[in-house]
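[1] Pasting the sequence and the predicted model now:
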Amino acid sequence: MPLSSETSSPRDGARTGLLLVNLGTPDAPTPAAVRRYLAEFLSDPRVVELPRALWWPVLHGPVLMLRPREAARRYASVWTPEGSPLLAWSRRQQAALAAELAARGHEVEVALGMRYGSPSLGQELDGLRARGCGRILALPLYPQYSASTTATVFDALAQRMGRLRDQPELRMVRQFHDDPGYIGALAARVRDFWRRNGRGRLLVLSFHGLPQRSVRLGDPYHGQCLETARLLAQRLELAEGEVMVTFQSRFGAAEWLQPYTEPTLQALARDGVAEADVFCPGFVADCIETLEEIAQQARAAFLRAGGRELRYIAALNDSPEWIGALADMALRNLQGWPTRPAGAVAPGAGN
Ligand SMILES: C=CC1=C(C)c2cc3[nH]c(cc4nc(cc5[nH]c(cc1n2)c(C)c5CCC(=O)O)C(CCC(=O)O)=C4C)c(C)c3C=C
Ligand SMILES: [Fe+2]
Ligand SMILES: [Fe+2]
């Protein structure tokens, strides 16, 4: 592929950009929009690691024929006036982070790109360059590293960079599963929920699942989920028996990380656990996987199995503790790059 010929090169490249990245989501809760989104997402060989000759007929056969209609109905049940919850919360995070960095005296262009669908990563990378950013920090909003999520962001950025003649400097945050600011923001979210609603007998920490095979082949995701859970339980001073870790959102027939969230909740209800709280630390923004799969489907399954109350604790979204932690993380990773307006005197707080 030929390199781009830039008629107007990105101004002087003196500015610094921060590119928040999340997974992506359909543009509308309709079968056609969901099909477009799933086709892009599920044809990424890092997401479904099967030989193309095997996977392609299944993807373009039963998966894309059947799943979009059902998934569109599930998306419709959580859709908001600002669109998909994942995009709506990500936009609020972007705006709140930009305001927080500005309030601390830093001049950083904050953009939001989605790995699949829109706004696309490539388009946002180009936008930052056009606004004069010669240095860009990519911050994938996945606390726990996985090849199926984090690594695909790197792939997409590298692919875009591969077409540029005049590349910006690029850094990327790999993971933040044990970041004290992130853990503190999670703990604040849970404590705040308990203060307003009382405390359930059990806190279930439900993470997005992953095929067991990926972990066997060396993906560090599982260990990082367990470490996040351990640090959060420690911060909340929970005793053994007051907290457990489960994995949700299984896709396909293979074995995924266990224990699975919904069957575990049903077993707990059958064993006489009447009330439980569920929190999803791996999702920094509420989305279909938390609002529909947990707060609706898993809750209904828990009640059907004899439970009385299953309370879903909202994701970090735009909580002030989380936005503060994000700003700290961004500034730490931006060290050595200019983030002060020319001639400005740094306010007392510093980086
Ligand atoms: C938080 C980290 C995530 C990991 C790890 C992950 C792996 C993974 N996911 C699928 C398949 C699907 N995921 C879907 C939705 C979805 N997944 C994540 C995050 C992780 N996925 C988020 C934030 C979302 C929500 C998107 C939204 O629009 O709100 C979906 C689509 C929904 C559905 O049809 O159920 C699929 C499919 C695989 C195969 C995988 C790892 C191999
Ligand atoms: Fe997923
Ligand atoms: Fe799901």
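    Thanks, I have it. Numbering: from 1, shown residues only. Ligands and ions are numbered 1, 2, ... in the order given.
[2] what's near enough to touch the residue lying closest to V47 once chain neighbours are set aside?
    Once flanking residues are discounted, V47 sits nearest to S148: 5.1 Å by C-beta to C-beta, 6 or more residues apart in numbering. Every residue, glycine included, has its C-beta placed from N, CA and C. S148 makes contact with R46, V47, L210, S214, D219, Y221 under the criterion C-beta atoms under 8 Å, 6 or more residues apart in numbering.
[3] can I get these in CSV with secondary structure, distance to ligand 3 and neighbour count?
    Shown next, in CSV, are these (DSSP: H, G, I helix; E, B strand; the rest coil; distance: C-beta to the ion, whole Å; neighbours: other C-beta atoms under 10 Å):
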residue, secondary structure, distance to ligand 3, neighbour count
R46, coil, 18, 15
V47, coil, 13, 18
L210, coil, 13, 23
S214, helix, 17, 19
D219, coil, 19, 19
Y221, helix, 16, 26
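[4] Could you measure from whichever residue of the stretch 201-350 of the chain sits closest to ligand 1 over to L125?
    Nearest to ligand 1, among the residues of the stretch 201-350 of the chain, is C287, at 3.1 Å (C-beta to the nearest ligand atom). The gap separating C287 from L125 is 23 Å, by C-beta to C-beta, to the nearest Å.
[5] Also P31?
    Noted for P31: a distance of 30 Å to L125, by C-beta to C-beta.
[6] ok, those two, which is more surrounded?
    A count of neighbours by other C-beta atoms under 10 Å puts L125 above the other of P31 and L125, at 24 against 18.
[7] which non-adjacent residue is nearest the more buried one?
    Leaving out its chain neighbours, the residue that sits closest to L125 by C-beta to C-beta, 6+ apart is R160, at 5.4 Å.
[8] Check whether the helix or strand that the one you found is a member of comes near ligand 1.
    Under the criterion DSSP states H and E, the helix or strand holding R160 is helix 150-161. No: using C-beta under 6 Å from any ligand atom, we find that helix 150-161 stays clear of ligand 1, coming within 8.6 Å at best.
[9] What residues of that helix count as buried?
    T150, T152, V153, F154, A156, L157, R160 (16 or more other C-beta atoms under 10 Å).
[10] The helix or strand following it: which residues count as buried?
    As assigned by DSSP H and E, the chain's next helix or strand after helix 150-161 is strand 169-172. Under the neighbour-count criterion of 16+ other C-beta under 10 Å, strand 169-172 has L170, M172 buried.
[11] Stretch 24-34 and ligand 1, any residue contact?
    Yes: judged by C-beta under 6 Å from any ligand atom, stretch 24-34 comes into contact with ligand 1 at T25.
[12] contacts for that stretch?
    36-37, 40-41, 67-69, 71-73, 75-76, 79, 83-84, 86-87, 114-118, 287-288.
[13] same thing with stretch 44-53?
    Stretch 44-53 has contacts (C-beta under 8 Å, 6+ apart) with 41-42, 55, 59, 116, 147-148, 151-152, 155, 211, 213-214, 252.
[14] Next step: those restricted to helices.
    Those of the contacts of stretch 44-53 mapping onto helices are F41, L42, W55, A151, T152, D155, R213, S214, per DSSP state H.
[15] Ignoring the adjacent residues along the chain, who's closest to the fourth one?
    Spatial nearest neighbour of A151, excluding adjacent residues (C-beta to C-beta, 6+ apart): R46 at 6.0 Å.
[16] Report the separation between the nearest residue to W79 once chain neighbours are set aside and P68.
    Using C-beta to C-beta, 6+ apart and skipping residues adjacent in sequence, the residue nearest W79 is P29, 4.8 Å away. The spacing between P29 and P68, counted by C-beta to C-beta, is 10 Å.
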